[in-house]
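# coordinates for the following, if possible.
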Amino acid sequence: MSQPEQPRARARAWGAGIDAARRHTGLFLPGVVGELSGRLRRLLSQWVLAELAPGRLMPWLPVCYGLGIVAYFSAEREPVWWAADGAAMAAAAIAILARRSSFGLALALGVAAVVAGFATATSHTARIAHRVLDYPVASARITGFVESNEERQRSDRIVVRVLSMDAPRLNAVPSRVRVAVRRGAMPPVGSFIDFKAHLSPPLPPLRPGGYDFARDMYFQQIGASGYALGKITITAPPTERGLWLRYASFLANLRDMIDVRMRTVISGDEGAIASALITGRRDAISQPLNDAFYISSLAHVLSISGYHMAVVAGIVFFVIRATLALVPGIAMRHPIKKWAAGAAVIAAAFYLVLSGNEVATQRSFIMIAIVLAGIMFDRPTLTFRTIAVAAFVVLMFAPHAVVHPSFQMSFAATLALIAGYQHGLPWHAAADTPRAARFALWGARELTGLVLASVVAGLATTPYAAYHFHRVAPYGVLANLLAMPVVSALVMPAGIIGVLAIPFGFDAPFWRLMGYGIEWMDAVALWVAGLPGAVGHIRAFGTGPLLLATLGLLLLCLLRTRLRWSGAILVVAATALALTTPLPDVLVASDGQAAAIRTAKGRLAVLSSGRDTFAVKEWLMADADDRPPTDPSLRDDIDCDAVGCIGRLADGRLASVVLNVEAFREDCMRAAVVISAREAPGDCAAKLIDRQTWRGRGATALRWTGVRFEESYAQPPGTDRPWATAPVERRAARSSTLHDATPRPEDLESGD
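You can find the predicted model right below:
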């Protein structure tokens, strides 16, 4: 073969080899891929069929129901109740028609639950419709009945059912108002009072995406808040109090009596915490200790929920059953277990009423009642079904609870504990081996269970704590491990026995025992809160990551097959989205008084704080900034004079707050952003946030995209809900100073 032909021969041989490899690969790879995909499809089909088995979809119905309520709160304008109810009836009819098909029935029931939740929330809002104050009122004369009162650290607070209200320019008389009163001057529940008050409309969100105080107050049927001016006069009522007020008065007197008996023996914060555990009144706890409980992840002890309800019902059940078992004639002839369960239900119901009937307590009582009812009627109790029924009942009577942190964290923790017990901790419940028994004697199982329960509940509630409070508790497991055994074994039993001993006059020793346990709990909370890195600050993020994390939690808890691990993927994705949420460059309060900018240091600087620091405090928390709102560093690089303040954004451009009309002309020419509580005259070349902006859209945030400012508002254009009415000229400034702020001494003493 000649020399030039050798490369050609090698090339032909190489090409033949490639063609052969392609033919063999073409035969082999499709077969392998086809076989793997077939196996995967069969495996997925098996998992899906297992998840669709009878009874497995029931826990998803309240999820769909709650999703419908969330959709209601996401609407820009208030839905019409008859349209929502009609859609719910149509969806129910479709579900009935689809009952012959298993898949069709499941799908139709899910859709019907979503529509039913939407209709329930719409009808509930229409049913409680009431007037909300439109303008701040400097001095209103009010007469009405006191429906509730709360003791607080710096001032007390009352809710008044208004009978009459007189004030200049008053165009809406709320049915209820909440006012702060001088410490120790609050009138008793049920009394008829005459007083003057400084009132303002309910406070809107302090930042876009922030907590909506006005919505919360609307569903409490409170139309205004403020503080009392001068003396409150108790007079004879012109009408009968009514059954509800008589009941509220009786219950308040009972709670007051227990509170006085406890705090006569237990003083200070320990007495306030003891009262919180029994009567549900936790506003008298000092702020530093209250913060320590939140930082150490022990705040759940102060809010009566499933743990407290289970302890109360469990102690009553055990004591009554053990006592009856001591009498052989009764124990052998009568169902003492059922009697004990009935007594435990009554005790739990009394505790529910006494403690204030909050959402977490309602959920706990419903679940406990279902479990005890199963004992009384010899019916097995399914835990996922129990929590599903509890969620349905709570949301039917209080659909607004779905957006409240108490509901979200309570149900998340309970659901995760149930799922953890069923999926991951069966060995803990069924460990009957001799070795396990020996470990149990030393408390290993109990200790392990407490640690795992703390970890599981803590992880489940982390997304909601981060979203609402912008912080997490790194040492939560340690704090719960040290404090909860004492609370379970000493604090709660002593409190229960103390309440039962009040009629006999032997309650004081039990209050002392309760106080000793609370002192230990306080010491644990303060110690853990003082550890390095005890406060885990989290920057604010939107509802998208929260909803994604919620879906991931539901998949992890409710699914039984390996499909549940898809929930972990969603939780990781939600975490990534939350941590990468862009931060605002400019923040303006809903009254135009306070404003902050992000400087080149990457932190917020306050251009103006208005009359108080409430909004600034919220902005710093949402920014994961632990500086107090009075920190001097917040004014670094900010220059102020008689006509306004000016500072530099991260890119060096100027942002100004205009206090005087004459400053508009100059600042509009040289600044990138101009903020003012006034209305700007004429055109302004800068990005302008003046009276028209914040009166119409509430708190405002700006973020520089490199090309323009991206705007976000607490009340986007087009929003018109009962608690956030359309921004027409009748809306006025809503100063955060007037909302539940601590009144000045001169405010309380003025008036006649």
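
# list of residues touching whichever strand or helix holds L67?
Using DSSP states H and E, L67 sits in helix 60-74. Helix 60-74 has contacts (C-beta atoms under 8 Å, 6 or more residues apart in numbering) with 79, 109-111, 113-122, 215, 388, 391-392, 395, 399-400, 402-403, 547, 554, 558. Every C-beta, even on glycine, is put in place using the N, C-alpha and C of the backbone.

# mind giving me the ChimeraX command for buried ones among those?
A single ChimeraX command selects the buried members of these (16 or more other C-beta atoms under 10 Å):
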select :79,109,110,111,113,114,115,116,117,118,119,120,121,122,215,388,391,392,395,399,400,402,403,554,558
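
# out of the contacts of helix 60-74, which are inside helices?
109-111, 113-122, 215, 388, 391-392, 395, 547, 554, 558 (DSSP state H).

# can you list the weak-confidence ranges in the stretch 101-250 of the chain?
Of all residues in the stretch 101-250 of the chain, none has pLDDT under 70.

# buried stuff in the biggest strand by length in the chain?
Secondary structure of the chain per DSSP state E: the longest strand is strand 137-150. Neighbour counts over strand 137-150 (16+ other C-beta under 10 Å) mark 137-138, 140, 142-150 as buried.

# same question, stretch 68-78
68-70, 72-73, 78.

# in TSV: those residues, plus pLDDT.
TSV is the format used below for the buried residues of stretch 68-78 (pLDDT from 0 to 100):
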residue	pLDDT
G68	96
I69	96
V70	95
Y72	96
F73	94
E78	93
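
# of those, closest to F614?
F73 (24.0 Å; C-beta to C-beta).

# give me the neighbour count for N171.
By other C-beta atoms under 10 Å, the residues close to N171 number 9.

# and P54, how many residues sit next to it?
Neighbours of P54 (other C-beta under 10 Å): 7.

# you'd agree it is in a strand?
No. Using DSSP: H, G, I helix; E, B strand; the rest coil, the assignment for P54 is coil, not a strand.

# gap between the residue nearest in space to the middle of the chain and A248?
Nearest residue to the geometric centre of the chain (C-alpha atoms, centre = their mean): P405, 0.8 Å. From P405 across to A248, the span is 26 Å (C-beta to C-beta, to the nearest Å).

# please apply the same query to Y294.
30 Å.

# next: V371.
For V371, the distance to A248 - C-beta to C-beta - is 30 Å.

# can you give the domain ranges for this structure?
Domain segmentation of the chain under automatic domain parsing yields 1-50, 60-124, 128-241+727-752, 543-579, 586-717.

# of all those domains, which one is nearest A494?
The nearest among the domains of the chain, by C-beta to C-beta, is domain 128-241+727-752 at 22.6 Å.

# for that closest one, the distance to its chain's centre please.
Computed by C-alpha atoms, centre = their mean, to the nearest Å, the chain-centroid distance of domain 128-241+727-752 equals 24 Å.

# go on, stretch 293-303?
Taking mean C-alpha positions (C-alpha atoms, centre = their mean), stretch 293-303 and its chain are 14 Å apart.

# then stretch 652-662?
For stretch 652-662, the distance to the chain centre is 37 Å (C-alpha atoms, centre = their mean).

# what sits up against it?
586, 595, 597, 600, 607-608, 642-649, 663-664, 667, 670-678, 680-681.

# give the rounded mean pLDDT of that stretch.
Mean pLDDT, stretch 652-662: 86.

# so for that stretch, what gets flagged as buried?
For stretch 652-662, by 16+ other C-beta under 10 Å, it's 654-659.

# and it, how far apart are its ends?
Separation of the first and last residues of stretch 652-662 by C-alpha to C-alpha, to the nearest Å is 24 Å.

# would JSON lines of the domains of the chain with distance to M521 be doable?
Output for the domains of the chain, formatted as JSON lines (distance: least, C-beta to C-beta, whole Å):
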{"stretch": "domain 1-50", "distance to M521": "44"}
{"stretch": "domain 60-124", "distance to M521": "33"}
{"stretch": "domain 128-241+727-752", "distance to M521": "19"}
{"stretch": "domain 543-579", "distance to M521": "29"}
{"stretch": "domain 586-717", "distance to M521": "25"}
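
# got the CA positions of stretch 128-146 in PDB?
The C-alpha trace of stretch 128-146 is given here as PDB (Å, rounded to 0.1, in the frame of the first residue of the first chain):
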ATOM      1  CA  ILE A 128     -69.700  40.900  60.900                       C
ATOM      2  CA  ALA A 129     -69.700  44.000  58.700                       C
ATOM      3  CA  HIS A 130     -69.200  47.100  60.900                       C
ATOM      4  CA  ARG A 131     -68.100  50.700  60.600                       C
ATOM      5  CA  VAL A 132     -64.400  51.700  60.700                       C
ATOM      6  CA  LEU A 133     -63.200  55.200  61.600                       C
ATOM      7  CA  ASP A 134     -62.000  57.100  58.500                       C
ATOM      8  CA  TYR A 135     -60.300  60.100  60.100                       C
ATOM      9  CA  PRO A 136     -58.200  60.600  63.300                       C
ATOM     10  CA  VAL A 137     -60.400  62.300  66.000                       C
ATOM     11  CA  ALA A 138     -58.600  64.500  68.500                       C
ATOM     12  CA  SER A 139     -61.300  64.400  71.200                       C
ATOM     13  CA  ALA A 140     -64.400  62.200  71.000                       C
ATOM     14  CA  ARG A 141     -66.900  61.800  73.800                       C
ATOM     15  CA  ILE A 142     -67.800  58.200  74.100                       C
ATOM     16  CA  THR A 143     -70.300  56.200  76.200                       C
ATOM     17  CA  GLY A 144     -70.500  52.500  76.200                       C
ATOM     18  CA  PHE A 145     -70.100  49.100  77.900                       C
ATOM     19  CA  VAL A 146     -66.600  47.700  78.800                       C
END
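
# out of the domains of the chain, nearest to F318?
Per C-beta to C-beta, nearest to F318 of the domains of the chain: domain 543-579, 29.3 Å.

# returning to what we had before: and the residue nearest to the centre of the chain, what pLDDT?
87.

# the closest residue to it other than its chain neighbours: which element?
Nearest residue to P405, sequence neighbours excluded (C-beta to C-beta, 6 or more residues apart in numbering): H468, at 4.3 Å. Here H468 sits within helix 444-469, counting by DSSP H and E.

# so which of the buried residues of stretch 652-662 comes closest to H334?
The closest of those, once distances to H334 are taken by C-beta to C-beta, is V657, at 76.8 Å.

# now the closest one: how far from A248?
In terms of C-beta to C-beta, V657 sits 46 Å off from A248.

# and for T462?
Counting by C-beta to C-beta, the gap from T462 to A248 is 37 Å.

# of these two, which one has the most company?
Using other C-beta under 10 Å as the criterion, T462 and A248 rank with T462 on top: 21 against 18.

# great, nothing more from me.
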